[in-house]
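[1] sequence and predicted structure are below.
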Amino acid sequence: MRTWWGTGQHPWVKFVEAFLVLNAVAAVGSLLLAPGSPDWFTWTVVPDASARLLAVMYASAVAIGAIALLQRDWAHARVLVVLITGFALAATVMTFFNLGPFRAHPWYHLAYWLGGYAVLVVTAPAVLVWQERRHGGRLAVEVPLTGVQRAACAAAGLAAAGTGVALLVDPAGFSAIWPWELAPLTGRLLGVWLCAFALAYAWALWDGDWLRARPLCLTAPVTGALMALVPLFHGGDLKPDAGSELLVYYALALLLAAPGLGLVATRSQARQRIYGVRPL
């Protein structure tokens, strides 16, 4: 453990990634084991479908942090640290404009919520700027993104950005096209999560390198698949005749999973490097 901690990524980078994993694991546990409970989570999330969708969001965060910890250096982890930084900053700011549900709980729930994000707000941006100044910038492209990979990342990023902004600006209005009723705080937290993904995909497209984008794309199929399961397990929470709303929901899940197509193209990229064959 000492050898791992002292080699590869800087220990402060690993601290940010590990802290995200620990906090996200706790959130996933509470949202899965006791959805709708006023005691297990920092506010009461209803209906159960919303709690389970937030569990998907935090499970995605666990995967992001774990994959980031496995990267050999800053260059291959930075796109995930960009995502972590964007989410931590936006979630903290959003909280101060949506304090109502927190005030219905004991004060220490809000203190725990803000305390966890405060650690990331202080450390993640500082680590991102510091490591970018030392090792970052516009790095040389080792394996260029293929057309399929660019299209998939762009589709996921645009879908995440559009949905995320809509949820942040008008969660009640967006709830009209969602399969179940979304509370404003839940909707805005989901909006923050989606906007953080959009930021990370924009960074990956700007960077242009598949090996550095791959850690981000690894989480996409899992996120989309888990999202798709939520309505299946919570049919009782769905609106009556929620046909078009389910189409919107599953279209979003599919687009968020789309960067997984880039993993299929990896074999052709390896062939390109060995034999000079140009992938699509």
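    Happy to help now that I have it.
[2] what about the nearest residue to Glu132 once chain neighbours are set aside, distance to Ala200?
    Spatial nearest neighbour of Glu132, excluding adjacent residues (CB to CB, 6 or more residues apart in numbering): Arg78 at 7.1 Å. Every C-beta, even on glycine, is put in place using the N, C-alpha and C of the backbone. Arg78 sits at a distance of 10 Å from Ala200 (criterion: CB to CB, to the nearest Å).
[3] then Val13?
    When Val13 is compared with Ala200 (using CB to CB), they lie 16 Å apart.
[4] would you agree Gly116 is in contact with Leu22?
    No - the pair Gly116 and Leu22 fails to qualify as a contact (CB atoms under 8 Å) at a distance of 9.1 Å.
[5] and the two? Which one has more around it.
    Gly116 (21 against 11; other CB atoms under 10 Å).
[6] chain neighbours aside, what residue packs nearest to the more buried one?
    Nearest non-adjacent residue to Gly116 (CB to CB, 6+ apart): Asn23, at 4.9 Å.
[7] so where does the one you found fall, helix or strand?
    helix 11-33 (DSSP states H and E).
[8] quick one: buried residues of the helix or strand following that helix?
    For helix 11-33, the following helix or strand on the C-terminal side (DSSP H and E) is helix 48-69. For helix 48-69, the buried set under the neighbour-count rule, 16 or more other CB atoms under 10 Å, comprises 48-69.
[9] figure out how far the longest helix belonging to the chain is from the centre of its chain.
    Longest helix of the chain, by residue count under DSSP state H: helix 107-135. Its chain's C-alpha centre and that of helix 107-135 lie 16 Å apart, by CA atoms, centre = their mean, to the nearest Å.
[10] for the stretch 1-150 of the chain, give me the ranges with low pLDDT.
    Along the stretch 1-150 of the chain, the model assigns pLDDT under 70 to no residue.
[11] same check on the stretch 151-280 of the chain?
    265-280.
[12] now do the helices in it.
    171-175, 184-207, 210-218, 220-233, 243-257, 261-264, 266-275 (DSSP state H, counting those that start in this stretch).
[13] distance to Tyr108 and mean neighbour count for the ones you listed - can I get that in a markdown table?
    As requested, the helices of the stretch 151-280 of the chain are exported to a markdown table (distance: least, CB to CB, whole Å; neighbours: other CB atoms under 10 Å):
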| stretch | distance to Tyr108 | mean neighbour count |
| --- | --- | --- |
| helix 171-175 | 26 | 16 |
| helix 184-207 | 18 | 23 |
| helix 210-218 | 35 | 22 |
| helix 220-233 | 29 | 17 |
| helix 243-257 | 34 | 17 |
| helix 261-264 | 42 | 18 |
| helix 266-275 | 47 | 13 |
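[14] closest one to Glu132 among those?
    Glu132 lies closest to helix 184-207 among those, at 10.8 Å (CB to CB).
[15] could you check the angle helix 210-218 makes with the closest one?
    160 degrees (axes from the mean of the first three to the mean of the last three CA atoms, to 10 degrees).
[16] okay, angle between helix 184-207 and helix 48-69 too, please.
    Using the same axes, to 10 degrees: helix 184-207 against helix 48-69 is 30 degrees.
[17] chain center to helix 184-207, what's the gap?
    With CA atoms, centre = their mean, you get 7 Å for helix 184-207.
[18] which elements pack onto that helix?
    helix 48-69, helix 74-96, helix 147-169, helix 171-175, helix 210-218 (3 or more CB pairs under 8 Å, 6 or more residues apart in numbering; DSSP states H and E).
[19] quick one: buried residues of stretch 39-50?
    40-45, 47-50.
[20] hmm, who's touching that stretch?
    27, 30-31, 33-38, 51, 54, 101-102, 104-105, 109-110, 112-113, 179-183, 185-186, 230-231, 234, 237-238 (CB atoms under 8 Å, 6 or more residues apart in numbering).
[21] ok, Leu32 to Met94 distance?
    23 Å.
[22] how many neighbours does the nearest residue to Leu205 once chain neighbours are set aside have?
    Nearest-residue entry for Leu205: Cys153, 5.7 Å, with adjacent residues in sequence omitted and distances by CB to CB, 6+ apart. Counted with other CB under 10 Å, the neighbours of Cys153 add up to 25.
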